[in-house]
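A.B. asks: mind looking at a prediction? Sequence and model below.
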Amino acid sequence: MQASSDGQGPLVQVPLTELKGVGPALATKLEKLGVARVEDLLFLLPLRYEDRTQLVRIGALVPGQRCLVTGEVLLAETVYRGRRNLLVRISDGSGQLTLRFFHFSRQQQAQFQAGLTVSCFGEVRRGSAGLEMIHPEYRLLRDDQATAMSDSLTPIYPATEGVQQGRLRNLTDQALRLMQESPPVELLPEAVTTRLGMPSLAGAIRYLHRPPPDANIEEMLAGRHPCQQRLAFEELLAHYLSLRSLRALAETENATPLTDGQSDLDAFIDDLPFELTGAQQRVVDEILADLARAHPMMRLIQGDVGSGKTVVAAIACLKAIACGVQAAIMAPTEILAEQHWRNFSAWFRPLGIEPAWLSGSQKTAARRESLAAIADGRAQLVVGTHALFQEGVDFARLALVIIDEQHRFGVHQRMALRDKGVSSGAHPHQLVMTATPIPRTLAMAAYADLDTSIIDELPPGRKAVSTIAVPDTRRGEIVERVRSACAGGQQAYWVCPLIEESEILDYQAAEASYAMLTEALPELRIGLVHGRMRPVEKERGMQAFKDGLIQLLVATTVIEVGVDVPNASLMIIENAERMGLSQLHQLRGRVGRGAEQSHCVLLYKPPLGRIAKERLAVLRDTNDGFVVAQRDLELRGPGELLGTRQTGLPDYRIANLVRDAELMPEVQKTATQLRRGSEATAAAIVRRWLGDAARYGKV
Ligand code: ADP
Ligand code: MG
């Protein structure tokens, strides 16, 4: 069959209802997965694979793995742990495993007779009773039955409500059959696929949906098979192209050129209690050059924690104000936003500029007052949280938007914000600042819609934070260290980690440490700040610490970004082995801001594995955030260098930004090539992966 002229294969046109078993109801459900046509099914790639090709001996099970196990039922019992649990203990001679059920029928319970053989598949965990599987899939086998093993990896598709894996497998089977007749169009330039030795598109799709029995299982599970890389490449390319087109779009949009007010800026910089570093000066110049243009600036500032991004932002704001337009600065948390508000107020009040404040927790009257000032232009500068960009906030003449700690906001929020500021056809200039230095290849993928400036120099006189890792069995010594530091007039942080993203556990951990420390150090004034407190309470705690009323601050990772207390020179971080390196680096950046030599103690739960050891050693050996980020990337493999859910980064179907970052230079090259003369192909690639929903269309 011939490809149609827009570069899309004929399967693109075929509605799903052509397939056996697909009625309007199912079609609607599938649309939730972005599947509208038969070809979309081909690109609905398995999220992961399960290995049911081999039986694993119980004695060889490793927590975290999902595997197939067979054993003889030794005993089944119900126990009460807050609610009823059914525990089934099985053994295969090499060891014992407990199957744990929270939901079960009487009949199920009766089924597990001692002596029967059960075959089960599930994730192995370390539980209170040794190794466990919670709610495994299972089957009781008759004497003559063998465990059903697959001869190849089992694909697991992205789930949507009411569509079972079996159904998705059946549908992709049908689509794969149709694909033999009319394969999807190869959109990558042949020169690229040849140079990179890539398998054909149809071949890669088939392989990923139905890995053959001889597939290299390890490679597949790690996402490193050439067929996976082939599709990951195309997906990264699609995202990259769409971000680049967004960037190009900005060049066609108008913005207010900001050129006046140089003398105000000079006076402000002269009056600062310090000299700008060379890097700060360079970045200021880059920003001012952008702002002078009639198109919106779209610039990212990367700078290690403590590199002095705030004052650079202030200079940009002052430029806007001097030109008679409004600037807005948005931070991801109330604490950070308030800190900016305080800083900016102190800098700008002497110049007769009173920054307005806007946040979600604000009282109605105060909010109304801020909104009025924003709408009639009295507020020249507005500081706040994302409340800034909600309904009902209308700016008189917003021309500059600054987003701090960018890694918490994604491209969609950036877009929403740009749209917000559009007035009489002019887009606001945009500056985003991040303290999470990310390696170049990753930045390429994540921020392709932005120009980048780097503040690669710390203010003079900063002493590197000296960092050590200590097992938490030596907690007592560390407590003594806190005692003597505080007795000497210094202040300290005691940080408790985020526990599985649970605010409740998080808070309990912090409370427990707080209780332990108040008991051990009765002579100290100790404060507690955690994520479940109301913003005003948090702020009160932080403020007391800043004012020196509190000597030791016990905190969850809410203090991760932005808090500035120069007299704090000691930080203890509990369960450091559970945290990302970049996050640890951010945290310790809270100390080392004053004249004292600062220290950071990473408490860990022994024993540490080899990788965990190496990770902590990275922090001991370097204070350079970029080096930390690069090492994190190398050591962590597929992971979440850019943070967790909060990244706002797009969800990829197959690509993994961390694992596949090394593809980026080629992705970039290919994109440049396509954008010069193969625009239709570029558009088709974006449509294939991002759908028509890709709002940054027009490649
Ligand atoms: P970050 O880049 O982490 O946001 P900040 O902007 O909070 O860093 O700056 C950290 C501290 O360094 C602040 O107390 C700030 O006043 C100070 N600072 C910024 N620039 C300089 C400089 N050029 N010289 C000395 N101190 C500076
Ligand atoms: Mg900052």
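C.D. replies: Structure's in. What do you need? Numbers count the residues shown, from 1 in each chain. Ligands and ions are numbered 1, 2, ... in the order given.
A.B. asks: how near is E369 to L86?
C.D. replies: In this structure, E369 and L86 are 60 Å apart, going by CB to CB, to the nearest Å. Just so you know, the C-beta spots here come from the backbone N, C-alpha and C atoms, and that holds for glycine as well.
A.B. asks: gap between the helix or strand hosting T441 and the chain center?
C.D. replies: Assigned by DSSP states H and E, T441 falls within helix 440-446. Distance of helix 440-446 from its chain centroid, counting by CA atoms, centre = their mean, to the nearest Å, is 14 Å.
A.B. asks: you'd agree N656 is up against G223?
C.D. replies: Yes. Under the criterion of CB atoms under 8 Å, N656 makes contact with G223 at 6.1 Å.
A.B. asks: pLDDT score for the residue of the stretch 351-500 of the chain found nearest ligand 1?
C.D. replies: Residue of the stretch 351-500 of the chain nearest ligand 1, by CB to the nearest ligand atom: P459 (3.2 Å). We have a pLDDT of 89 for P459.
A.B. asks: run a quick neighbour tally on it.
C.D. replies: P459: 16 surrounding residues under other CB atoms under 10 Å.
A.B. asks: same check on Q586?
C.D. replies: Using other CB under 10 Å, Q586 is surrounded by 26 other residues.
A.B. asks: could you number the chain from 29 rather than 1 from now on?
C.D. replies: Understood, numbering begins at 29; the last thing we discussed is Q614.
A.B. asks: still on that earlier bit, and the residue of the stretch 379-528 of the chain closest to ligand 1, what is it in contact with?
C.D. replies: Shown in contact with P487 (CB atoms under 8 Å, 6 or more residues apart in numbering): 302, 305, 334-336.
A.B. asks: quick one: secondary structure of it?
C.D. replies: coil (DSSP: H, G, I helix; E, B strand; the rest coil).
A.B. asks: which residues touch the nearest residue to P285 once chain neighbours are set aside?
C.D. replies: Spatial nearest neighbour of P285, chain neighbours left out: A322 (4.9 Å); criterion: CB to CB, 6 or more residues apart in numbering. Neighbouring residues of A322 by CB under 8 Å, 6+ apart: 282-285.
A.B. asks: separation between V498 and P227?
C.D. replies: Distance of V498 to P227, computed by CB to CB: 49 Å.
A.B. asks: and stretch 545-559, what's buried?
C.D. replies: 545, 549, 552-559 (16 or more other CB atoms under 10 Å).
A.B. asks: out of those residues, which are inside helices?
C.D. replies: Taking DSSP state H as the definition of helices, the buried residues of stretch 545-559 contribute L545.
A.B. asks: of the buried residues of stretch 545-559, closest to T81?
C.D. replies: Set against T81, the nearest of the buried residues of stretch 545-559 by CB to CB is G559 (43.4 Å).
A.B. asks: my read is that the closest one contacts A537, right?
C.D. replies: No. Contact between G559 and A537 fails when scored by CB under 8 Å: they sit 11.1 Å apart.
A.B. asks: give me the contact list for stretch 287-296.
C.D. replies: With CB under 8 Å, 6+ apart as the test, stretch 287-296 has contacts from 319-320, 342-343, 346-347, 349-352, 375, 379.
A.B. asks: what mean pLDDT does it have?
C.D. replies: Averaged across stretch 287-296, pLDDT comes to 94.
A.B. asks: what is the longest strand anywhere in the chain packed up against?
C.D. replies: Taking DSSP state E as the criterion, the chain has its longest strand at strand 94-109. Here strand 94-109 touches strand 111-119, strand 124-129, strand 145-155, going by 3 or more CB pairs under 8 Å, 6 or more residues apart in numbering; DSSP states H and E.
A.B. asks: quick one: buried residues of the biggest helix by length in the chain?
C.D. replies: If you go by DSSP H, the chain has its longest helix at helix 254-278. For helix 254-278, burial by neighbour count (16+ other CB under 10 Å) applies to 255-275, 277-278.
A.B. asks: avg pLDDT for that helix?
C.D. replies: Average pLDDT, helix 254-278: 92.
A.B. asks: next structured bit after it?
C.D. replies: Downstream of helix 254-278, the first helix or strand assigned by DSSP H and E is helix 290-299.
A.B. asks: how about that next one, does it reach ligand 1?
C.D. replies: No. Shown here: helix 290-299 not in contact with ligand 1 (CB under 6 Å from any ligand atom), separated by at least 10.2 Å.
A.B. asks: which bits of the stretch 279-428 of the chain sit near ligand 1?
C.D. replies: So the stretch 279-428 of the chain meets ligand 1 at 302-305, 308, 331, 333-339 (CB under 6 Å from any ligand atom).
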